[in-house]
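Enquirer: can't give you the sequence, but here's the structure:
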């Protein structure tokens with residue numbers, strides 16, 4: 001009997017520790033995809049993200065509850081953040097004490113959702129930086145073209161980049 005119970009605990013531990021990340025749920029399918037960080041992640045100076053100023057894109061994978069951060073120097077994923085549900089649209093970022101992700105759904109017809117990094121899981125206004133969902137982005141190649149077009153717009157409008165675009 002003791003062996004059966006111990007074996008049961010062993011199985012639970014093995015499957016619990018080695019289980020795949022959990023799907024975020026059907027309510028979050030609309031958030032799945034690529035996000036553009038127009039201010040990069042330079043406002044996250046207190047966190048250990050590599051090359052923050054070169055991270056312009058993120059890919060939220062609802063199936064694996066992860067956010068991949070993509071830098072534009074190499075167009076590679078430089079960090080993958082594991083997301084754990086906290087409440088409603090707020091997720092804990094595994095490995096970070098005071099960094100959370102808030103998914104904000106758009107109420108407009110365009111459906112441009114946002115992904116916001118916040119410092120307090122219970123205060124949605126504890127905003128650090130954000131990115132917005134771009135429906136047309138389906139691959140790294142799409143991201144490359146999008147960034148090129150965006151930079152051309154910055155030049156064309158002759159705007160002070162820091163004020164207008166967070167550049």
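Expert: Received it, and whenever you're ready, just let me know what you need. Everything numeric here is computed off the predicted structure, so don't read it as measured data.
Enquirer: please make it C-alpha for all contacts and neighbour counts, starting now.
Expert: Fine.
Enquirer: can you give me the helices for this structure?
Expert: Using DSSP state H, the helices found in the chain span residues 2-17, 140-157, 161-165.
Enquirer: can you flag the weakest of those helices by average pLDDT?
Expert: Ranked by mean pLDDT, the helices of the chain end with helix 2-17 at the bottom, a mean of 46.
Enquirer: where in the protein is pLDDT low?
Expert: Per-residue confidence for the chain (pLDDT under 70) gives these ranges: 1-21, 108-111, 160-167.
Enquirer: for it, longest strand please?
Expert: strand 76-87 (DSSP state E).
Enquirer: tell me the centre residue of this protein?
Expert: Nearest to the mean C-alpha position of the chain, by Cα atoms, centre = their mean, lies residue 67 at 4.0 Å.
Enquirer: quick check: chain neighbours aside, which residue is closest to that one?
Expert: For residue 67, ignoring the flanking residues on the chain, the nearest one in space by Cα to Cα, 6 or more residues apart in numbering is residue 60 at 4.4 Å.
Enquirer: what count of nearby residues applies to that neighbour?
Expert: 23 (other Cα atoms under 10 Å).
Enquirer: that one reaches residue 31, doesn't it?
Expert: Yes: between residue 60 and residue 31 there is a contact at 7.2 Å, judged by Cα atoms under 8 Å.
Enquirer: quick one: residue 123 from residue 101, how far?
Expert: 11 Å (Cα to Cα, to the nearest Å).
Enquirer: who has more neighbours, those two?
Expert: Set side by side, residue 123 and residue 101 show more neighbours around residue 101, with 25 against 10, by other Cα under 10 Å.
Enquirer: hey, what's the more buried one bridged with?
Expert: Beta-bridge partners for residue 101, by DSSP bridges, are residue 91, residue 117.
Enquirer: surely it and residue 116 touch.
Expert: Yes: shown here, residue 101 and residue 116 form a contact pair, counting by Cα under 8 Å, at 5.7 Å.
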